[in-house]
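K.L.:
Provided below are the primary sequence and the corresponding predicted coordinates.
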Amino acid sequence: MTQVNERGKMGEEKASRKEREYQVRREEILRAAEKIFAQNGFYNSTVAEIAKESEFAIGTLYQFFTNKEELYYTMMIEKFDLLYKTLQTKVSENNTCLEKLSCLVEEVLSFIEQHVDFFKIFTWELNVLNSNMNNQLKDQLVGKHFTYIQLISDVIKEGFKEGVLKQGHADDLSTALVGMMNIFSFNWIYNRQQESLTRKVPTIINLFLDGARRME
């Protein structure tokens, strides 16, 4: 009986090790894809280039992903999931709308600093979303983006209730805030600025809350 249990444990450990190895390889492929897509754009990137970057055979990549489209969308969807979960956790640790907004902007800019290639792909390759590729994955990615927008809208609605933000259309305001974060991030990347992107948090928050008009 003991031998049977030991064999069972060995089998579980072997299966667990295989699963870990599978996940490690999958993550390496996704990282390589992110780098290649950011460098060349979706349409100019090939599975062969991604395989070379990941140091795996082309056949190995096809064991994980059916084609380039699935690899692209999977990478983008998982990055959005990571961003959303990070924002959910961090924002929930604050109490007021203004605290949440400041935290949210800081976390988004910090995420972009750490995942520059992801930001490049999503902002510079929007034409991919207009293609006729795998509609299910494409719709899932679009859905992730709107979930991100909705999270910001919910924080803004709290500001309406608290009376610290004047009543307006929460979705429009959240879209405006995302646009501000994106353009500051784009400028930071394009100009290869040395200072941390998160140093722009006060500027973005002040512009969003007060605008640029001088108060009399």
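P.N.:
Perfect, I can see it now. Numbering: from 1, shown residues only.

K.L.:
residues touching T46, list them.
P.N.:
Residues near T46 by CB atoms under 8 Å, 6 or more residues apart in numbering: K68. All C-beta atoms are positioned from the backbone trio N, CA, C, and that covers glycine.

K.L.:
Please enumerate the helices of this structure.
P.N.:
In the chain, helices defined by DSSP state H lie at 2-40, 47-54, 58-64, 68-92, 97-114, 116-124, 135-162, 170-190, 201-210, listed in chain order.

K.L.:
Now the fifth one - C-alpha only, PDB.
P.N.:
The C-alpha atoms that make up helix 97-114 are tabulated as PDB, following Å, rounded to 0.1, in the frame of the first residue of the first chain:
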ATOM      1  CA  CYS A  97     -12.700  59.000  -5.100                       C
ATOM      2  CA  LEU A  98      -9.700  61.400  -5.300                       C
ATOM      3  CA  GLU A  99      -7.500  58.900  -3.600                       C
ATOM      4  CA  LYS A 100      -8.600  56.200  -6.000                       C
ATOM      5  CA  LEU A 101      -8.100  58.400  -9.100                       C
ATOM      6  CA  SER A 102      -4.600  59.300  -8.000                       C
ATOM      7  CA  CYS A 103      -3.800  55.600  -7.300                       C
ATOM      8  CA  LEU A 104      -5.400  54.500 -10.600                       C
ATOM      9  CA  VAL A 105      -3.300  56.900 -12.700                       C
ATOM     10  CA  GLU A 106      -0.100  56.000 -10.900                       C
ATOM     11  CA  GLU A 107      -0.700  52.300 -11.300                       C
ATOM     12  CA  VAL A 108      -1.500  52.600 -15.000                       C
ATOM     13  CA  LEU A 109       1.600  54.700 -15.700                       C
ATOM     14  CA  SER A 110       3.700  52.300 -13.600                       C
ATOM     15  CA  PHE A 111       2.300  49.400 -15.600                       C
ATOM     16  CA  ILE A 112       3.100  51.100 -18.900                       C
ATOM     17  CA  GLU A 113       6.700  51.700 -17.600                       C
ATOM     18  CA  GLN A 114       7.000  48.000 -17.000                       C
END
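
K.L.:
What is it packed up against?
P.N.:
Packing contacts for helix 97-114, counted by 3 or more CB pairs under 8 Å, 6 or more residues apart in numbering; DSSP states H and E, involve helix 68-92, helix 135-162, helix 170-190, helix 201-210.

K.L.:
cutoff 10 Å now
P.N.:
On a contact count with 3 or more CB pairs under 10 Å, 6 or more residues apart in numbering; DSSP states H and E, helix 97-114 meets helix 68-92, helix 116-124, helix 135-162, helix 170-190, helix 201-210.

K.L.:
Having no further points to raise, I will conclude here.
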